[in-house]
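*Asks:* mind folding the following:
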Amino acid sequence: MMVRIPSAERASVLLDELIVDDDLLGAEDAIENLFQDRKAAAEAVQRLAKFAGMATKLRTEAQALLQQVYPGAQLTETTRYTVPASLRSRAAELQEERTKADAALKQSRKALEQRRRALEDADKLLSELPVAEDIGPLRAILDAIPHDLLGQIAGIDEDAQRIRSSAEHILHDLRLQPLTVQEVTAVTVPSRAQVEAHIAALSDLKHERGDLTKRTKSVTKQLAANRLNLATLLNNDPPPSEDDLLGVRSLRDALWQEINVGQLDRFADFEQAIVHADRLADQMRKDAHRIAERYRMELQIGSDERELSELDEERADLQRHAEKLETEWIGLWQDFPGPLPLPAAALITLDDVRRLREALSELSMVQARLASFTGQAHQHIERLREGLREPHGSTLLGTHNALVELPELREIAAARLSLQEKAAGERNTMQERLASAQAELAAVETQIAEQEHDLADWQAAWTPGLPASICPPTTTPLTHWPTWNGSTGSRP
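*Replies:* A predicted model of the protein is given here:
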(Lines give C-alpha, C1' and ligand atoms only; values in the text may rest on other atoms or scores of the structure.)
Protein backbone atom coordinates (compact mmCIF):
# COMPACT_ATOMS: atom_id res chain seq x y z
CA MET A 1 0.00 0.00 0.00
CA MET A 2 1.37 3.38 -1.03
CA VAL A 3 1.62 6.14 1.70
CA ARG A 4 0.75 9.77 0.67
CA ILE A 5 3.55 12.26 1.61
CA PRO A 6 2.79 15.95 2.29
CA SER A 7 3.92 18.38 -0.48
CA ALA A 8 6.71 20.11 1.54
CA GLU A 9 8.21 16.81 2.49
CA ARG A 10 7.76 15.53 -1.09
CA ALA A 11 9.65 18.52 -2.45
CA SER A 12 12.46 17.83 -0.03
CA VAL A 13 12.57 14.20 -1.09
CA LEU A 14 12.66 15.11 -4.78
CA LEU A 15 15.53 17.57 -4.21
CA ASP A 16 17.43 14.89 -2.46
CA GLU A 17 16.92 12.56 -5.45
CA LEU A 18 18.33 15.11 -8.02
CA ILE A 19 21.80 14.51 -9.41
CA VAL A 20 23.57 17.77 -10.60
CA ASP A 21 26.24 17.63 -13.32
CA ASP A 22 29.20 19.73 -12.20
CA ASP A 23 30.35 20.28 -15.82
CA LEU A 24 27.07 21.89 -16.73
CA LEU A 25 27.30 24.17 -13.74
CA GLY A 26 30.64 25.38 -14.97
CA ALA A 27 29.20 26.35 -18.44
CA GLU A 28 26.12 28.05 -17.00
CA ASP A 29 27.00 31.56 -18.26
CA ALA A 30 27.86 30.42 -21.77
CA ILE A 31 24.62 28.49 -22.00
CA GLU A 32 22.66 31.55 -20.92
CA ASN A 33 24.35 33.77 -23.54
CA LEU A 34 23.62 31.29 -26.30
CA PHE A 35 20.02 31.15 -25.23
CA GLN A 36 19.68 34.97 -25.37
CA ASP A 37 21.36 35.13 -28.83
CA ARG A 38 18.97 32.52 -30.16
CA LYS A 39 16.05 34.51 -28.75
CA ALA A 40 17.30 37.76 -30.31
CA ALA A 41 17.76 36.08 -33.72
CA ALA A 42 14.21 34.76 -33.62
CA GLU A 43 12.90 38.25 -32.81
CA ALA A 44 14.99 39.77 -35.63
CA VAL A 45 13.45 37.33 -38.09
CA GLN A 46 10.03 38.35 -36.90
CA ARG A 47 10.88 42.08 -37.25
CA LEU A 48 12.34 41.52 -40.70
CA ALA A 49 9.13 39.91 -41.88
CA LYS A 50 7.16 42.76 -40.32
CA PHE A 51 9.36 45.48 -41.87
CA ALA A 52 9.19 43.75 -45.25
CA GLY A 53 5.44 43.91 -45.10
CA MET A 54 5.61 47.56 -43.97
CA ALA A 55 7.98 48.35 -46.83
CA THR A 56 5.61 46.79 -49.34
CA LYS A 57 2.75 48.76 -47.85
CA LEU A 58 4.72 52.01 -47.87
CA ARG A 59 5.82 51.37 -51.48
CA THR A 60 2.19 50.91 -52.46
CA GLU A 61 1.21 54.11 -50.62
CA ALA A 62 4.11 55.99 -52.21
CA GLN A 63 3.04 54.79 -55.67
CA ALA A 64 -0.49 55.96 -54.96
CA LEU A 65 0.74 59.32 -53.78
CA LEU A 66 3.00 59.68 -56.83
CA GLN A 67 0.03 58.95 -59.03
CA GLN A 68 -1.82 61.76 -57.34
CA VAL A 69 0.98 64.20 -58.10
CA TYR A 70 2.08 62.77 -61.46
CA PRO A 71 -0.49 60.39 -62.97
CA GLY A 72 1.17 57.47 -64.79
CA ALA A 73 4.54 57.99 -63.17
CA GLN A 74 6.50 55.14 -61.56
CA LEU A 75 8.58 55.07 -58.42
CA THR A 76 11.60 54.28 -60.58
CA GLU A 77 11.32 57.79 -62.11
CA THR A 78 13.24 59.32 -59.24
CA THR A 79 13.75 62.62 -61.06
CA ARG A 80 10.09 63.40 -60.57
CA TYR A 81 10.21 63.41 -56.82
CA THR A 82 13.87 63.94 -56.08
CA VAL A 83 14.19 67.36 -54.45
CA PRO A 84 17.49 69.24 -54.17
CA ALA A 85 18.82 69.60 -50.64
CA SER A 86 18.62 73.42 -50.68
CA LEU A 87 15.05 73.35 -51.95
CA ARG A 88 14.19 70.62 -49.48
CA SER A 89 15.59 72.77 -46.68
CA ARG A 90 13.65 75.83 -47.88
CA ALA A 91 10.49 73.79 -48.29
CA ALA A 92 10.95 72.34 -44.82
CA GLU A 93 11.23 75.84 -43.41
CA LEU A 94 8.10 76.93 -45.26
CA GLN A 95 6.30 73.78 -44.19
CA GLU A 96 7.28 74.39 -40.58
CA GLU A 97 6.08 77.98 -40.88
CA ARG A 98 2.81 76.79 -42.45
CA THR A 99 2.31 74.18 -39.73
CA LYS A 100 2.87 76.77 -37.06
CA ALA A 101 0.65 79.24 -38.88
CA ASP A 102 -2.14 76.67 -39.28
CA ALA A 103 -1.86 75.68 -35.63
CA ALA A 104 -1.87 79.34 -34.54
CA LEU A 105 -4.83 80.12 -36.79
CA LYS A 106 -6.70 77.09 -35.48
CA GLN A 107 -5.93 78.12 -31.93
CA SER A 108 -7.00 81.68 -32.68
CA ARG A 109 -10.26 80.52 -34.24
CA LYS A 110 -10.86 78.32 -31.20
CA ALA A 111 -10.08 81.30 -29.00
CA LEU A 112 -12.44 83.39 -31.15
CA GLU A 113 -15.28 80.96 -30.43
CA GLN A 114 -14.41 81.00 -26.76
CA ARG A 115 -14.38 84.79 -26.74
CA ARG A 116 -17.72 84.90 -28.52
CA ARG A 117 -19.24 82.51 -26.00
CA ALA A 118 -17.71 84.53 -23.17
CA LEU A 119 -19.12 87.72 -24.70
CA GLU A 120 -22.55 86.11 -25.09
CA ASP A 121 -22.43 84.85 -21.49
CA ALA A 122 -21.37 88.26 -20.18
CA ASP A 123 -24.06 90.00 -22.22
CA LYS A 124 -26.68 87.53 -20.98
CA LEU A 125 -25.62 87.92 -17.37
CA LEU A 126 -25.62 91.72 -17.75
CA SER A 127 -29.11 91.65 -19.27
CA GLU A 128 -30.34 89.52 -16.36
CA LEU A 129 -29.07 91.99 -13.78
CA PRO A 130 -31.61 94.54 -12.53
CA VAL A 131 -31.29 98.06 -13.85
CA ALA A 132 -28.95 99.94 -11.54
CA GLU A 133 -30.64 102.77 -9.67
CA ASP A 134 -29.04 106.14 -9.16
CA ILE A 135 -27.97 106.10 -5.50
CA GLY A 136 -27.02 109.75 -5.52
CA PRO A 137 -30.42 111.18 -4.45
CA LEU A 138 -30.89 108.68 -1.61
CA ARG A 139 -27.31 109.21 -0.49
CA ALA A 140 -27.87 112.99 -0.53
CA ILE A 141 -31.07 112.57 1.53
CA LEU A 142 -29.21 110.50 4.13
CA ASP A 143 -26.24 112.87 4.22
CA ALA A 144 -28.60 115.84 4.71
CA ILE A 145 -29.87 114.42 8.02
CA PRO A 146 -27.83 115.90 10.89
CA HIS A 147 -26.20 113.10 12.81
CA ASP A 148 -27.28 114.59 16.16
CA LEU A 149 -30.85 115.55 15.15
CA LEU A 150 -32.52 112.80 17.17
CA GLY A 151 -30.25 113.52 20.14
CA GLN A 152 -31.22 117.19 20.02
CA ILE A 153 -34.92 116.30 19.81
CA ALA A 154 -34.60 113.94 22.78
CA GLY A 155 -32.68 116.55 24.78
CA ILE A 156 -35.18 119.32 24.01
CA ASP A 157 -38.06 116.98 24.85
CA GLU A 158 -36.43 116.21 28.20
CA ASP A 159 -36.07 119.96 28.84
CA ALA A 160 -39.74 120.45 28.00
CA GLN A 161 -40.75 117.65 30.35
CA ARG A 162 -38.61 119.11 33.13
CA ILE A 163 -40.01 122.62 32.68
CA ARG A 164 -43.58 121.28 32.42
CA SER A 165 -43.09 119.33 35.66
CA SER A 166 -41.80 122.48 37.37
CA ALA A 167 -44.79 124.47 36.08
CA GLU A 168 -47.19 121.80 37.31
CA HIS A 169 -45.54 121.94 40.74
CA ILE A 170 -46.05 125.71 40.81
CA LEU A 171 -49.69 125.22 39.74
CA HIS A 172 -50.09 122.90 42.69
CA ASP A 173 -48.55 125.48 45.03
CA LEU A 174 -50.90 128.16 43.65
CA ARG A 175 -53.83 125.72 43.95
CA LEU A 176 -54.70 126.39 40.31
CA GLN A 177 -55.49 122.76 39.63
CA PRO A 178 -57.33 121.14 37.90
CA LEU A 179 -55.99 123.59 35.30
CA THR A 180 -53.16 122.12 33.24
CA VAL A 181 -50.05 123.79 31.89
CA GLN A 182 -51.63 123.87 28.42
CA GLU A 183 -54.76 125.62 29.77
CA VAL A 184 -52.94 128.25 31.80
CA THR A 185 -51.91 130.58 29.00
CA ALA A 186 -51.77 133.68 31.25
CA VAL A 187 -52.31 134.23 34.96
CA THR A 188 -53.50 137.75 35.88
CA VAL A 189 -52.45 139.10 39.28
CA PRO A 190 -52.17 142.62 40.73
CA SER A 191 -48.87 144.42 40.58
CA ARG A 192 -46.38 144.12 43.37
CA ALA A 193 -46.79 147.83 44.12
CA GLN A 194 -50.56 147.41 44.53
CA VAL A 195 -50.11 144.44 46.83
CA GLU A 196 -47.46 146.19 48.90
CA ALA A 197 -49.63 149.33 49.14
CA HIS A 198 -52.57 147.24 50.32
CA ILE A 199 -50.40 145.41 52.85
CA ALA A 200 -49.13 148.79 54.12
CA ALA A 201 -52.75 150.02 54.43
CA LEU A 202 -53.67 146.89 56.37
CA SER A 203 -50.64 147.43 58.59
CA ASP A 204 -51.73 151.00 59.27
CA LEU A 205 -55.26 149.80 59.98
CA LYS A 206 -53.90 147.24 62.37
CA HIS A 207 -51.87 149.87 64.19
CA GLU A 208 -54.85 152.23 64.35
CA ARG A 209 -57.05 149.48 65.72
CA GLY A 210 -54.43 148.60 68.27
CA ASP A 211 -54.15 152.22 69.33
CA LEU A 212 -57.96 152.49 69.46
CA THR A 213 -58.15 149.41 71.61
CA LYS A 214 -55.57 150.81 74.00
CA ARG A 215 -57.36 154.15 74.24
CA THR A 216 -60.72 152.45 74.71
CA LYS A 217 -59.36 150.33 77.51
CA SER A 218 -57.83 153.42 79.17
CA VAL A 219 -61.02 155.51 78.91
CA THR A 220 -63.19 152.59 80.01
CA LYS A 221 -60.96 152.04 83.01
CA GLN A 222 -61.01 155.76 83.83
CA LEU A 223 -64.82 155.91 83.47
CA ALA A 224 -65.26 152.97 85.77
CA ALA A 225 -63.06 154.59 88.40
CA ASN A 226 -64.95 157.91 88.19
CA ARG A 227 -68.28 156.14 88.41
CA LEU A 228 -67.05 154.23 91.44
CA ASN A 229 -65.88 157.45 93.14
CA LEU A 230 -69.18 159.20 92.36
CA ALA A 231 -71.16 156.27 93.69
CA THR A 232 -69.11 156.37 96.89
CA LEU A 233 -69.76 160.10 97.23
CA LEU A 234 -73.49 159.73 96.64
CA ASN A 235 -73.86 156.87 99.09
CA ASN A 236 -72.59 159.06 102.02
CA ASP A 237 -75.36 161.81 102.21
CA PRO A 238 -74.85 163.12 98.76
CA PRO A 239 -74.88 166.94 98.38
CA PRO A 240 -77.42 168.51 96.09
CA SER A 241 -76.34 169.21 92.66
CA GLU A 242 -76.94 172.13 90.41
CA ASP A 243 -79.38 169.97 88.58
CA ASP A 244 -81.33 169.38 91.78
CA LEU A 245 -81.44 173.14 92.44
CA LEU A 246 -82.33 173.84 88.87
CA GLY A 247 -85.16 171.34 89.10
CA VAL A 248 -86.62 172.88 92.28
CA ARG A 249 -86.40 176.38 90.84
CA SER A 250 -88.02 175.22 87.65
CA LEU A 251 -90.94 173.79 89.67
CA ARG A 252 -91.19 177.09 91.63
CA ASP A 253 -91.31 179.18 88.53
CA ALA A 254 -93.93 176.93 86.97
CA LEU A 255 -96.21 177.24 90.04
CA TRP A 256 -95.86 181.00 89.96
CA GLN A 257 -96.94 181.05 86.37
CA GLU A 258 -100.03 179.05 87.26
CA ILE A 259 -100.88 181.48 90.08
CA ASN A 260 -100.51 184.39 87.70
CA VAL A 261 -103.06 182.90 85.40
CA GLY A 262 -105.55 182.62 88.26
CA GLN A 263 -104.93 179.24 89.78
CA LEU A 264 -104.78 180.45 93.34
CA ASP A 265 -105.19 176.95 94.71
CA ARG A 266 -101.55 176.33 93.72
CA PHE A 267 -100.26 179.03 96.11
CA ALA A 268 -99.48 176.53 98.92
CA ASP A 269 -97.43 174.39 96.56
CA PHE A 270 -95.67 177.52 95.42
CA GLU A 271 -94.68 178.47 98.96
CA GLN A 272 -93.44 174.96 99.64
CA ALA A 273 -91.36 175.04 96.45
CA ILE A 274 -89.83 178.36 97.58
CA VAL A 275 -88.91 176.84 100.91
CA HIS A 276 -87.43 173.75 99.28
CA ALA A 277 -85.39 175.82 96.84
CA ASP A 278 -84.06 178.06 99.61
CA ARG A 279 -83.18 175.04 101.69
CA LEU A 280 -81.26 173.44 98.76
CA ALA A 281 -79.42 176.70 98.17
CA ASP A 282 -78.48 176.94 101.81
CA GLN A 283 -77.31 173.34 101.82
CA MET A 284 -75.28 173.91 98.67
CA ARG A 285 -73.54 176.85 100.27
CA LYS A 286 -72.69 174.65 103.25
CA ASP A 287 -71.42 171.67 101.02
CA ALA A 288 -69.75 173.76 98.34
CA HIS A 289 -66.58 171.56 98.31
CA ARG A 290 -68.51 168.32 98.06
CA ILE A 291 -70.72 169.79 95.41
CA ALA A 292 -67.70 170.93 93.40
CA GLU A 293 -66.23 167.41 93.67
CA ARG A 294 -69.45 165.85 92.53
CA TYR A 295 -69.69 168.34 89.70
CA ARG A 296 -66.14 167.57 88.66
CA MET A 297 -66.80 163.84 88.75
CA GLU A 298 -69.96 164.16 86.77
CA LEU A 299 -68.17 166.30 84.18
CA GLN A 300 -65.36 163.75 83.93
CA ILE A 301 -67.81 160.89 83.62
CA GLY A 302 -69.60 162.79 80.90
CA SER A 303 -66.31 163.49 79.16
CA ASP A 304 -65.34 159.81 79.39
CA GLU A 305 -68.69 158.71 78.02
CA ARG A 306 -68.40 161.16 75.12
CA GLU A 307 -64.86 159.97 74.43
CA LEU A 308 -66.06 156.35 74.45
CA SER A 309 -68.79 157.32 72.04
CA GLU A 310 -66.23 158.99 69.80
CA LEU A 311 -64.03 155.90 70.05
CA ASP A 312 -66.99 153.77 69.03
CA GLU A 313 -67.51 156.00 66.02
CA GLU A 314 -63.81 155.78 65.23
CA ARG A 315 -64.01 151.97 65.56
CA ALA A 316 -66.94 151.95 63.18
CA ASP A 317 -64.93 154.09 60.75
CA LEU A 318 -62.02 151.66 60.99
CA GLN A 319 -64.38 148.75 60.39
CA ARG A 320 -65.77 150.46 57.32
CA HIS A 321 -62.20 151.14 56.19
CA ALA A 322 -61.35 147.47 56.76
CA GLU A 323 -64.37 146.40 54.73
CA LYS A 324 -63.32 148.81 51.98
CA LEU A 325 -59.81 147.38 51.99
CA GLU A 326 -61.23 143.87 51.82
CA THR A 327 -63.40 144.87 48.87
CA GLU A 328 -60.41 146.46 47.19
CA TRP A 329 -58.35 143.30 47.90
CA ILE A 330 -61.00 141.12 46.28
CA GLY A 331 -61.04 143.49 43.32
CA LEU A 332 -57.28 143.29 42.93
CA TRP A 333 -57.47 139.48 42.64
CA GLN A 334 -60.75 139.19 40.75
CA ASP A 335 -58.98 137.93 37.56
CA PHE A 336 -56.77 135.47 39.43
CA PRO A 337 -57.97 131.91 38.61
CA GLY A 338 -56.93 130.52 41.96
CA PRO A 339 -58.31 131.01 45.46
CA LEU A 340 -57.99 134.46 47.00
CA PRO A 341 -54.66 134.58 48.84
CA LEU A 342 -54.28 136.08 52.25
CA PRO A 343 -52.42 139.41 52.28
CA ALA A 344 -49.68 137.85 54.38
CA ALA A 345 -49.07 135.21 51.65
CA ALA A 346 -49.73 137.48 48.68
CA LEU A 347 -46.07 138.27 47.98
CA ILE A 348 -45.27 134.53 47.94
CA THR A 349 -48.15 134.08 45.50
CA LEU A 350 -46.72 136.85 43.30
CA ASP A 351 -43.32 135.14 43.35
CA ASP A 352 -44.93 131.82 42.42
CA VAL A 353 -46.83 133.49 39.58
CA ARG A 354 -43.61 135.12 38.39
CA ARG A 355 -41.87 131.73 38.42
CA LEU A 356 -44.88 130.22 36.63
CA ARG A 357 -44.74 132.90 33.93
CA GLU A 358 -41.02 132.35 33.50
CA ALA A 359 -41.57 128.59 33.29
CA LEU A 360 -44.40 129.02 30.76
CA SER A 361 -42.29 131.42 28.70
CA GLU A 362 -39.34 129.05 28.76
CA LEU A 363 -41.63 126.12 27.98
CA SER A 364 -43.08 128.03 25.03
CA MET A 365 -39.60 128.67 23.63
CA VAL A 366 -38.53 125.06 24.21
CA GLN A 367 -41.72 123.78 22.59
CA ALA A 368 -41.10 126.07 19.62
CA ARG A 369 -37.58 124.64 19.30
CA LEU A 370 -38.97 121.14 19.70
CA ALA A 371 -41.59 121.81 17.02
CA SER A 372 -38.87 123.19 14.72
CA PHE A 373 -36.57 120.20 15.16
CA THR A 374 -39.50 117.76 14.97
CA GLY A 375 -40.64 119.47 11.79
CA GLN A 376 -37.15 119.02 10.36
CA ALA A 377 -37.27 115.36 11.36
CA HIS A 378 -40.60 114.89 9.55
CA GLN A 379 -39.26 116.67 6.48
CA HIS A 380 -36.39 114.18 6.44
CA ILE A 381 -38.91 111.36 7.01
CA GLU A 382 -40.95 112.49 3.99
CA ARG A 383 -37.80 112.78 1.87
CA LEU A 384 -36.72 109.32 2.95
CA ARG A 385 -40.16 108.01 2.04
CA GLU A 386 -39.86 109.62 -1.37
CA GLY A 387 -36.33 108.28 -1.80
CA LEU A 388 -37.44 104.80 -0.72
CA ARG A 389 -40.67 105.11 -2.71
CA GLU A 390 -42.61 104.27 0.43
CA PRO A 391 -46.32 105.22 0.67
CA HIS A 392 -46.94 108.50 2.46
CA GLY A 393 -48.77 107.56 5.65
CA SER A 394 -50.59 109.93 7.94
CA THR A 395 -47.83 110.34 10.47
CA LEU A 396 -48.58 112.07 13.74
CA LEU A 397 -46.50 115.18 14.30
CA GLY A 398 -45.29 113.95 17.67
CA THR A 399 -41.83 113.69 19.12
CA HIS A 400 -42.15 110.01 19.93
CA ASN A 401 -43.23 109.21 16.39
CA ALA A 402 -40.24 111.02 14.89
CA LEU A 403 -37.81 109.41 17.32
CA VAL A 404 -39.07 105.98 16.27
CA GLU A 405 -39.79 106.41 12.57
CA LEU A 406 -36.70 108.36 11.52
CA PRO A 407 -34.17 105.78 12.82
CA GLU A 408 -36.17 102.97 11.19
CA LEU A 409 -36.26 104.76 7.83
CA ARG A 410 -32.56 105.65 8.10
CA GLU A 411 -31.75 101.99 8.72
CA ILE A 412 -33.93 100.92 5.78
CA ALA A 413 -32.34 103.57 3.56
CA ALA A 414 -28.82 102.52 4.62
CA ALA A 415 -29.66 98.89 3.84
CA ARG A 416 -31.18 99.93 0.50
CA LEU A 417 -28.06 101.94 -0.33
CA SER A 418 -25.88 98.98 0.55
CA LEU A 419 -27.90 96.74 -1.75
CA GLN A 420 -27.89 99.35 -4.52
CA GLU A 421 -24.16 99.88 -4.18
CA LYS A 422 -23.63 96.12 -4.28
CA ALA A 423 -25.88 95.81 -7.35
CA ALA A 424 -24.11 98.75 -9.00
CA GLY A 425 -20.77 97.14 -8.21
CA GLU A 426 -21.91 93.85 -9.70
CA ARG A 427 -23.21 95.64 -12.78
CA ASN A 428 -20.01 97.64 -13.16
CA THR A 429 -18.01 94.45 -12.78
CA MET A 430 -20.17 92.76 -15.39
CA GLN A 431 -19.91 95.76 -17.72
CA GLU A 432 -16.14 95.69 -17.30
CA ARG A 433 -16.23 91.97 -18.00
CA LEU A 434 -18.35 92.61 -21.10
CA ALA A 435 -16.02 95.36 -22.27
CA SER A 436 -13.03 93.11 -21.62
CA ALA A 437 -14.72 90.28 -23.56
CA GLN A 438 -15.44 92.68 -26.44
CA ALA A 439 -11.85 93.90 -26.40
CA GLU A 440 -10.52 90.34 -26.29
CA LEU A 441 -12.86 89.35 -29.13
CA ALA A 442 -11.72 92.32 -31.21
CA ALA A 443 -8.09 91.47 -30.43
CA VAL A 444 -8.60 87.86 -31.50
CA GLU A 445 -10.38 88.97 -34.69
CA THR A 446 -7.49 91.31 -35.43
CA GLN A 447 -5.05 88.50 -34.71
CA ILE A 448 -6.93 86.14 -37.06
CA ALA A 449 -6.92 88.79 -39.78
CA GLU A 450 -3.18 89.19 -39.33
CA GLN A 451 -2.68 85.41 -39.36
CA GLU A 452 -4.75 85.05 -42.54
CA HIS A 453 -2.67 87.84 -44.06
CA ASP A 454 0.46 85.97 -42.99
CA LEU A 455 -0.91 82.81 -44.68
CA ALA A 456 -1.40 84.78 -47.88
CA ASP A 457 2.20 85.96 -47.59
CA TRP A 458 3.26 82.35 -46.95
CA GLN A 459 1.39 81.17 -50.04
CA ALA A 460 3.10 83.83 -52.09
CA ALA A 461 6.45 82.65 -50.76
CA TRP A 462 5.62 78.94 -51.25
CA THR A 463 4.33 78.93 -54.82
CA PRO A 464 7.50 80.11 -56.54
CA GLY A 465 9.65 78.10 -54.20
CA LEU A 466 9.32 74.70 -56.02
CA PRO A 467 9.84 73.97 -59.72
CA ALA A 468 6.87 72.95 -61.80
CA SER A 469 8.38 69.51 -62.34
CA ILE A 470 8.25 68.87 -58.60
CA CYS A 471 5.03 70.69 -57.76
CA PRO A 472 2.73 71.10 -60.77
CA PRO A 473 0.53 74.18 -60.75
CA THR A 474 -2.57 72.04 -60.62
CA THR A 475 -1.64 70.64 -57.23
CA THR A 476 -1.64 72.12 -53.76
CA PRO A 477 1.97 72.30 -52.62
CA LEU A 478 1.26 71.87 -48.93
CA THR A 479 -1.03 68.95 -49.62
CA HIS A 480 1.62 67.00 -51.57
CA TRP A 481 4.58 68.12 -49.50
CA PRO A 482 4.71 64.84 -47.58
CA THR A 483 4.79 62.96 -50.88
CA TRP A 484 7.91 64.45 -52.35
CA ASN A 485 9.43 65.30 -48.99
CA GLY A 486 9.40 61.58 -48.12
CA SER A 487 10.45 60.31 -51.62
CA THR A 488 13.72 58.55 -52.20
CA GLY A 489 16.02 60.78 -54.08
CA SER A 490 19.28 62.41 -53.85
CA ARG A 491 20.29 63.82 -50.48
CA PRO A 492 22.49 66.81 -50.02
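*Asks:* which residue packs closest to residue 105, ignoring adjacent ones?
*Replies:* Spatial nearest neighbour of residue 105, chain neighbours left out: residue 451 (4.7 Å); criterion: CB to CB, 6 or more residues apart in numbering. All C-beta spots, glycine's among them, are computed from the backbone N, C-alpha and C.
*Asks:* that should have said residue 138, apologies.
*Replies:* Per CB to CB, 6+ apart, closest to residue 138 is residue 387, 4.3 Å.
*Asks:* could you measure from that neighbour over to residue 143?
*Replies:* 12 Å (CB to CB, to the nearest Å).
*Asks:* how about residue 199?
*Replies:* According to CB to CB, residue 199 and residue 143 sit 63 Å apart.
*Asks:* okay, those two: which has more neighbours?
*Replies:* residue 199 (15 against 9; other CB atoms under 10 Å).
*Asks:* before we move on, what SS does that one have?
*Replies:* helix (DSSP: H, G, I helix; E, B strand; the rest coil).
*Asks:* ok, now which ones touch the residue nearest to it when sequence neighbours are not counted?
*Replies:* Nearest non-adjacent residue to residue 199, counting by CB to CB, 6+ apart: residue 343, 5.3 Å away. Residue 343 sits next to 195, 198, 199, 202, 329 when contact means CB atoms under 8 Å, 6 or more residues apart in numbering.
*Asks:* and for residue 194?
*Replies:* Applying CB under 8 Å, 6+ apart to residue 194 gives the contacts residue 332.
*Asks:* packing partners of the helix or strand where residue 29 lies?
*Replies:* Here residue 29, judged by DSSP states H and E, is contained in helix 28-69. Here helix 28-69 touches helix 78-81, helix 477-485, going by 3 or more CB pairs under 8 Å, 6 or more residues apart in numbering; DSSP states H and E.
*Asks:* mean pLDDT lowest where, among those helices?
*Replies:* Among those, helix 477-485 carries the lowest mean pLDDT, a mean of 49.
*Asks:* mean confidence (pLDDT) on stretch 336-353, please.
*Replies:* The predicted model assigns stretch 336-353 a mean pLDDT of 86.
*Asks:* follow-up on the earlier one: any idea whether the residue nearest to residue 105 is helix, strand or coil?
*Replies:* Going by three-state DSSP: residue 451 is helix.
*Asks:* list the residues that contact it.
*Replies:* By CB under 8 Å, 6+ apart, residue 451 lies in contact with 101, 104, 105, 108.
*Asks:* return the set of buried residues in stretch 123-137.
*Replies:* residue 135 (16 or more other CB atoms under 10 Å).
*Asks:* ok, stretch 225-238 next?
*Replies:* Those would be 226, 229, 230, 233, 238, for stretch 225-238 by 16+ other CB under 10 Å.
*Asks:* go on, stretch 271-282?
*Replies:* In stretch 271-282, counting by 16+ other CB under 10 Å, buried: 273, 276, 277, 280.
*Asks:* I'd like those residues laid out as CSV, including secondary structure, distance to residue 262 and pLDDT.
*Replies:* Compiled in CSV, these are given as follows (DSSP: H, G, I helix; E, B strand; the rest coil; distance: CB to CB, whole Å; pLDDT from 0 to 100):
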residue, secondary structure, distance to residue 262, pLDDT
273, helix, 18, 76
276, helix, 24, 77
277, helix, 23, 75
280, helix, 28, 74
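*Asks:* of those residues, just say which sits nearest to residue 215.
*Replies:* Taking CB to CB as the measure, residue 215 sits nearest to residue 280 out of the buried residues of stretch 271-282, at 38.8 Å.
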